[in-house]
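Asks: predicted model and sequence below, questions to follow.
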Amino acid sequence: MASRQGIVMVYTGNGKGKTTSALGLALRASGHGEKIFMVQFRKSDPTYGEIQGIRKFLPNMTVVQSERSQLRKIGDFDQEDLADAANIFAQGREALLAGEYDLVIFDEINFALYCQLLQVEDVLAMLRERPAHVNVVLTGRYAHDAIIDAADLVSEIKEIKHHYAAGIKAQPGVEY
């Protein structure tokens, strides 16, 4: 894959579909026999539909989930939260820099940066150091301006209407 030019893609915004977009890209890459690695910040449930689907249908995709997913207000994160984010980032960074994967997804990293669970400069350094052939996806609300500047593609998912407002609760296969 050394002849391919990898790109950095950002899916951000307040609408639903950032992780779903990244997973659609993973499905597409898998169809071409590519190897995919995904880390998920603040998501730790192995029963999520995407995790079950990946295990059943995408044997060339590896997923590492966070150990902590409790919702907290910004500023209420503790040392365990910081350590968990650092661990997830380190695993994704290692996979990216090794160059063995064609696509590396950092799910919810933008929100982790917004919450100051990670440092923007560490992510930017990783992007500068990455092998040229590897595609990278960074998802999550509130993408930092420096991340947007470093990206080759940025898509903002804008909420126009959401079924939650009508009282429809989260459903398997749609939200998780």
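Replies: Thanks, I have it. Predicted, not measured: the structure shown is a model, and the values here were computed from it. Numbers count the residues shown, from 1 in each chain.

Asks: can you pull the contacts of the residue most central in space within the chain?
Replies: In the chain, the residue lying closest to the centroid (Cα atoms, centre = their mean) is Asp107, at 1.4 Å. Neighbour list for Asp107: Thr19, Ala22, Met38, Val39, Gln40, Phe41, Lys43, Val137, Thr139, Gly140 [criterion: Cβ atoms under 8 Å, 6 or more residues apart in numbering]. C-betas here are computed from N, CA, C, even on glycine.

Asks: isn't the last one up against Cys115?
Replies: No: with contacts counted by Cβ atoms under 8 Å, Gly140 stays clear of Cys115, the gap being 9.8 Å.

Asks: for this structure, what spans make up the strands?
Replies: For the chain, applying DSSP state E gives strands covering 8-12, 36-40, 61-65, 103-107, 135-139, 153-156.

Asks: can you list these in CSV and add mean pLDDT?
Replies: CSV is the format used below for these (pLDDT from 0 to 100):
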stretch, mean pLDDT
strand 8-12, 98
strand 36-40, 98
strand 61-65, 97
strand 103-107, 98
strand 135-139, 98
strand 153-156, 98
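
Asks: columns distance to Leu27 on top of the ones you listed, output as JSON lines?
Replies: Formatted as JSON lines, these follow (distance: least, Cβ to Cβ, whole Å):
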{"stretch": "strand 8-12", "distance to Leu27": "15"}
{"stretch": "strand 36-40", "distance to Leu27": "9"}
{"stretch": "strand 61-65", "distance to Leu27": "9"}
{"stretch": "strand 103-107", "distance to Leu27": "11"}
{"stretch": "strand 135-139", "distance to Leu27": "13"}
{"stretch": "strand 153-156", "distance to Leu27": "17"}
